[in-house]
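>>> Prediction below, plus the sequence it came from.
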Amino acid sequence: MRQLFIAILLIFGVSLLRAQTFPPFFEIKSDTIEWQDIDPVYWQVFEDNTGKLRISDLKIPQVAEKFHYLSEKRKVTDSLVNSYWFRYRLKNVMNREAKISLNSMSEYDDFYVSGPDSNMQHFVSGYFSDRDIKDGLKNADCIPLVLQPGQELMVYQRIFNHKKGIPSGFAVAIVSTEKTIHNYYIDRLENDTTRYSARELQEMFLEGVLLLSFVMNLFFFRIVRKKEYLYFSLFVLSLGIDRLINVIGVYLGWEHPSLKGYYGYINLSWIFILFFLIQFIRQFFKGNLNYPRWDKFLLALAIIAGLFNIYVTFSFDPCFYCGRPSVYFTIYSLIISVTCLSAFITFLLNIRGKESLARLVITGGTPLMLFWGLANLLIIYRYENFSNAPSWLNSFLYSFRPVEVGCTTWFVIFFTLILFKQFNRLRKQNAQQALDKERLERERETERREIIEGQKLLLEKEVEERTAKLKHSLEELKATQNQLIQSEKMASLGELTAGIAHEIQNPLNFVNNFSEVNKELLIELKQAIDKGNPDDVKGIANDIIGNQEKINHHGKRADAIVKGMLQHSRSSIGVKEPTNINGLCDEYLRLAYHGLRAKDKSFNPTLKTEFDNSVGKINIIPQDIGRVILNLINNAFYAVGEKQKQNISGYEPAVTVSTKKLNDKIEITVKDNGNGISQKVLDKIFQPFFTTKPTGQGTGLGLSLAYDIVKAHRGEIKVETNEGKGSTFTVAL
């Protein structure tokens, strides 16, 4: 039991010792080196998953033991987080004071520094931290410290970034306080007012030149419709937006560092700058025709540059623009350099061309392409050798804006000269084309006049001959039309003949019968006179008078039928007269029915009439409306007759004729339960000569004439049909 207790104490002691194992001291041997990276063997890191740990929480053994070296894990962390804690120790091994500064390389930094007296000091820094809460050298994001000879310091550094993971290019480092002050507060700021005033003037001048060039190129593109001017105007516009954002970002970012988080979107303008620059060069020098392989390389380069800039823009890392940039910055600068140098090579390929405009583009674009290409290579070299970069290179990179403004202005001015030369050339070409066109028009006009004069007589003669032929054809057409209309009337009259004969037969039978009866009564009258029986004479005379009235009635009935037939057969005189619509419908229903029964004794449909007694008389042309009603009834009889021939079980043909008064209109409806009308032909049924009946059974003029008659009465005819179930025709007058 005693041995077990001792083992537990040993394990606890080892774990406690492990929890308190700090990294070795990083010895400060010089404070004049501008930048000193602290090797990972001198610092430890701990991932703060919650992002809420305080400095006091790090004294808890369970938390403190989580600090580890990079050598313990291949990656800094297995799961990316936003907040990390670093701890390292510094020791001044010089025999004098060490003036060094702790360097911030993230969005938000907290430094906790404890000295020999164990008092913990807290400092705030970071790229996005507001100036009013920052400590130390605010412009340089550094915390200056002074270490006495042999003094030791313990540093806890907490970094926080909105993007998860340790920023690419991040390093635990110390910098020389004196050189930092010299770089950020003496060299850069000693002529601050003069320098920024000059820069403002340069940028304003460049923005004006770019805006003017954009407007001129876009306007010229609308005139000549050449794509190279469109691409150049878009290139200039993108470059102007980039410069404007940069200038605004510098002044706003100075007082509001958190706005630096949006600087990454400046790259978005470079997507278009490089793309439209390459497109302009390809289009202007016609690379797809002269150098197809090189042209494909340029296009691929533009696409790669655009895709990479999109990636960098939307995965923005603040260290991209800090003193220790990531590999993305190197690739970004390299792409710009390669693109510009490729444009310069394209200039060289076309330098022997005889086109003066191409030589102007080469002369104007070469300085800018070379400057951008070489400047970005120098930027890469400077940032890759940040600590050992020569002073002249730093001075050049801090003050190269006037050179860029000059090269850009040079390029724009030369391209403006191209515009003027092209415009002048087009003006001359247009003037010459106008003269040639005018001369050609005069020649053509003279030729046209000769041809016109030569053909005028022939045309007049042909017109006269054709006019005579057209008149003759029109007269024949009118005559044929009248014959067709009359034929349709006679055809309908023929269909009525059997019905008319049946109708006339009834009154004639009555006339004949009563005539024979009167003959017998007259004989009896003589006998009664001879017998001297006055009462019998009076009775027989009264019977004769009654029979005579019946003969007269049935004679008039036959006369009315004949008159109706004559009215139907002759042309309409176009005079409207009050007509009983119910009587007209009933008469033509019976005539049509008896006509069809005379032809086919087996045809026996059910006839229904639904007459509205309030209809009364209306002013119409009776023979015309009669033709309409007759045609609709005959069509209904035909439809139910055809369906009856199909021998459908339980089917009984039926035709219904009805009238109805609606406000100031009356409706005449003819309804059948036949096969209905197909939707394919429904729109054609009122067209002349269109019929669904077999050849020889229909002229195709019935519904067409009915439609015209109804329209002439300012009425309307419409049809409702259900294929397979029947149709309903409605005439509204």
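Cool, got the structure.

>>> For the rest of this, base every contact and every neighbour count on C-alpha atoms.
OK.

>>> For the protein, which helix extends over the most residues?
Longest helix in the chain by number of residues (criterion: DSSP state H): helix 401-531.

>>> helices and strands around that one, which ones?
In terms of contacts (3 or more CA pairs under 8 Å, 6 or more residues apart in numbering; DSSP states H and E), helix 401-531 is packed against helix 192-224, helix 356-384, helix 534-569, helix 581-599, helix 622-644.

>>> and of those helices, who's closest to L70?
helix 356-384 (22.8 Å; CA to CA).

>>> buried ones in that closest one?
357-380, 382-384 (16 or more other CA atoms under 10 Å).

>>> Help me confirm that T408 comes into contact with L368.
Yes. Using CA atoms under 8 Å, T408 is in contact with L368, at 6.0 Å.

>>> burial count for L334?
19 (other CA atoms under 10 Å).

>>> Against F344, how distant is it?
Distance of L334 to F344, given as CA to CA, to the nearest Å: 15 Å.

>>> Equivalent analysis for N288, please.
To F344, N288 is 17 Å away according to CA to CA.

>>> The two: who's more crowded?
Remark: of N288 and F344, F344 carries more neighbours, 20 against 13, as counted by other CA under 10 Å.

>>> quick one: contacts for the more buried one?
Going by CA atoms under 8 Å, 6 or more residues apart in numbering, F344 touches 365-366, 369-370.

>>> so K52 sits in a strand?
No. Assigned with DSSP: H, G, I helix; E, B strand; the rest coil, K52 falls outside any strand and is coil.

>>> Just want the phi and psi numbers for it.
When read as degrees, to the nearest 10, the backbone of K52 gives phi -120, psi 0.

>>> wait, L607 sits on V655?
Yes. With contacts counted by CA under 8 Å, L607 reaches V655, the gap being 5.3 Å.

>>> The two: who's more crowded?
Shown here are L607 and V655; by other CA under 10 Å, V655 has more neighbours (21 against 14).

>>> On the strand side of things, show who the residue lying closest to the more buried one once chain neighbours are set aside bridges to.
Residue nearest to V655 in three dimensions, not counting chain neighbours: D672, with 4.6 Å by CA to CA, 6 or more residues apart in numbering. Beta bridges link D672 to V655, S727, judged by DSSP bridges.

>>> Isn't D672 up against S658?
No. Counting by CA under 8 Å, D672 stays clear of S658, with 11.7 Å between them.

>>> So which of those two has more stuff around it?
D672 (25 against 18).

>>> how near is that one to I581?
In terms of CA to CA, D672 sits 20 Å off from I581.

>>> same check, this time on R442
Distance from R442 to I581, by CA to CA: 73 Å.

>>> Compare neighbour counts for these two and give me the winner.
Neighbour comparison, R442 and I581: the larger count goes to I581, with 25 against 12 (by other CA under 10 Å).

>>> quick one: pLDDT of that one?
For I581, the model assigns a pLDDT of 88.

>>> Over to F411?
81.

>>> who's in contact with the residue nearest to it when sequence neighbours are not counted?
Excluding the flanking residues, the one nearest F411 by CA to CA, 6+ apart is G364, at 4.3 Å. The contact partners of G364, by CA under 8 Å, 6+ apart, come to 410-415.

>>> nearest to L348, of those residues?
Nearest to L348 out of those is F411 (CA to CA; 16.2 Å).

>>> what's that closest one in contact with, if anything?
The contact partners of F411, taken as CA under 8 Å, 6+ apart, are 361, 364-365, 367-368.

>>> Equivalent analysis for Y588, please.
626, 629-630.

>>> Quickly note the distance from it to G555.
20 Å.

>>> Repeat that for D48.
Distance from D48 to G555, counting by CA to CA: 123 Å.

>>> Neighbour count: these two, which is higher?
A side-by-side neighbour count of D48 and G555, using other CA under 10 Å, places D48 first with 19 against 16.

>>> residue contacts, the more buried one?
By CA under 8 Å, 6+ apart, the contact set of D48 is 81-85.

>>> so what's it bridging to?
For D48, the beta-bridge partners under DSSP bridges are S83.

>>> What's the local residue count around S125?
S125 has 29 nearby residues by other CA under 10 Å.

>>> And A706, by the same measure?
Neighbours of A706 using other CA under 10 Å come to 23.

>>> Figure out the helix or strand that it lives in.
Assessed by DSSP states H and E, A706 sits inside helix 702-712.

>>> What is whatever helix or strand comes next after that helix packed up against?
Once helix 702-712 ends, the next helix or strand along the chain (criterion: DSSP H and E) is strand 716-722. On a contact count with 3+ CA pairs under 8 Å, 6+ apart, strand 716-722 meets helix 702-712, strand 726-732.

>>> looking at the ones you listed, which is closest to S515?
When those are compared by CA to CA, helix 702-712 sits nearest S515, at 42.3 Å.

>>> counting contacts, what elements does that closest one pack onto?
Against helix 702-712 (3+ CA pairs under 8 Å, 6+ apart) you get helix 622-644, strand 716-722.

>>> Enumerate every residue touching V215.
Contacts of V215 (CA under 8 Å, 6+ apart): S233.

>>> Give me the pLDDT for it.
Looking at V215, its pLDDT reads 82.

>>> swap in A173?
Looking at A173, its pLDDT is 90.

>>> Nearest spatial neighbour of it, chain-adjacent residues omitted?
D37 (4.4 Å).

>>> How about V575?
Closest residue in space to V575, ignoring its immediate chain neighbours: I621 at 6.0 Å, by CA to CA, 6+ apart.

>>> Quick check: phi and psi at that neighbour.
Dihedral angles (degrees, to the nearest 10) for I621: phi -90, psi 100.

>>> Looking at it now. What's its pLDDT?
Taking I621 on its own, its pLDDT is 85.

>>> which intervals of the stretch 551-700 of the chain have sub-threshold pLDDT?
554, 556-574, 689-690, 694-700 (pLDDT under 70).

>>> Compute the distance between F686 and I709, please.
12 Å.

>>> intersection of neighbour lists for the two?
Counting by CA under 8 Å, 6+ apart, F686 and I709 have no contacts in common.

>>> Confirm T692 sits in a helix?
No. Using three-state DSSP, the assignment for T692 is coil, not a helix.

>>> residues near it, how many?
When neighbours are counted by other CA under 10 Å, T692 registers 12.

>>> Now for it: which residues touch it?
By CA under 8 Å, 6+ apart, the contact set of T692 is empty.

>>> Now for the nearest residue to T606 once chain neighbours are set aside, how many residues are close by?
Excluding its sequence neighbours, the residue lying closest to T606 (CA to CA, 6+ apart) is A654, at 4.4 Å. For A654, the neighbour count with other CA under 10 Å is 18.

>>> Can I get the contacts of D48 in CSV including distance to C142 and neighbour count?
What follows is these, written out as CSV (distance: CA to CA, whole Å; neighbours: other CA atoms under 10 Å):
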residue, distance to C142, neighbour count
V81, 24, 19
N82, 21, 18
S83, 19, 24
Y84, 18, 23
W85, 18, 22
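
>>> where does the stretch 301-450 of the chain dip in pLDDT?
Checking the stretch 301-450 of the chain against pLDDT under 70 turns up 312-329, 353-355, 382-400.

>>> The same query, at a cut-off of 50, please.
318-324 (pLDDT under 50).

>>> which residues does I666 bridge with?
K661.

>>> In the stretch 51-200 of the chain, mark out all the helices, start to finish.
Assigned helices in the stretch 51-200 of the chain, in chain order: 61-64, 177-181, 192-224 (criterion: DSSP state H, counting those that start in this stretch).

>>> Please identify the deepest-packed of those helices.
helix 177-181 (a mean of 19; mean count of other CA atoms under 10 Å).

>>> so how far is that one from its chain's centroid?
59 Å (CA atoms, centre = their mean, to the nearest Å).

>>> so what secondary structure elements neighbour it?
On a contact count with 3+ CA pairs under 8 Å, 6+ apart, helix 177-181 meets strand 98-103.
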